[in-house]
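>>> Just the structure for this:
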Amino acid sequence: MMIKVKIVRLNQKAILPAYATPHAAGMDISACLDSPVSVAPFSTELIPTGLAIELPEGFEAQLRPRSGLALKHLISLPNTPATIDADYRGEVKVILINYGKEPFTVNHGDRIAQMVVSRVDKVSFEEVDELTDTQRGAGGFGHTGVSNQ
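A predicted model of the protein is given here:
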């Protein structure tokens, strides 16, 4: 299913999000910069995209790290997945964090994140005295171990 999302270039040199392959789940998001930005080791930088979007009601956009940047340079998003709500109209910006030991330079046009647009269902909570029991119960945080052997 194709979802229509309105988009505005706040900066004429901004690059529109695009799917890199026919079956990609996320669209590549690019930096829109007047000059390179250096992300120092163990620090963050807010990188503009030069774009604003209008999502349909009932949808969100999630910003996620790019696997190649994570593997090769230890660059990620500290708030992954970052959520863009349907009522947000400001510029889409990406918080990058450098977990590496060397500075990482972001240049204009660099693909710095990916965006996935997803349907969001609203929920209402029903307060009860107890929850139904399951085999797992309250087990969490590694309760199944690490090894498959």
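>>> can you map out the helices along this protein?
67-73 (DSSP state H).
>>> what's the distance between the residue of the chain most remote from its centre and residue 135?
Most distant from the centre of the chain: residue 129, at 36.7 Å, with distances by Cα atoms, centre = their mean. For residue 129, the distance to residue 135 (Cβ to Cβ, to the nearest Å) stands at 21 Å. In short, each C-beta sits where N, CA and C put it, glycine included.
>>> Check residue 13 too.
55 Å.
>>> For residue 107, which residues are in contact?
31, 33, 36 (Cβ atoms under 8 Å, 6 or more residues apart in numbering).
>>> Give me the pLDDT for the second one.
Right, residue 33. Per-residue pLDDT puts residue 33 at 98.
>>> Then residue 100?
Reported pLDDT for residue 100: 97.
>>> How about the contacts made by it?
41, 73, 74, 75.
>>> repeat that for 6 Å
41, 73, 74 (Cβ atoms under 6 Å, 6 or more residues apart in numbering).
>>> Next: residue 43.
Residue 43 neighbours (Cβ under 6 Å, 6+ apart): none.
>>> can you pull the pLDDT of it?
pLDDT at residue 43 comes out at 98.
>>> So for residue 13 and residue 135, which sits in the more crowded spot?
residue 13 (12 against 5; other Cβ atoms under 10 Å).
>>> Buried only: go through the contacts of residue 107 for me.
31, 33 (16 or more other Cβ atoms under 10 Å).
>>> and which of the contacts of residue 107 is nearest residue 56?
residue 31 (26.1 Å; Cβ to Cβ).
>>> For the residue nearest in space to the middle of the chain, give me its contacts.
Centroid-nearest residue in the chain: residue 63, 1.5 Å away (criterion: Cα atoms, centre = their mean). Residue 63 sits next to 82, 94, 113, 115 when contact means Cβ under 6 Å, 6+ apart.
>>> Quick one: residues in contact with the strand ranked longest in the chain.
With secondary structure taken from DSSP state E, the chain has its longest strand at strand 44-54. Residues from elsewhere that reach strand 44-54, judged by Cβ under 6 Å, 6+ apart: 5-8, 10-11, 14, 29, 31-32, 37, 39, 89, 91-97, 106, 112.
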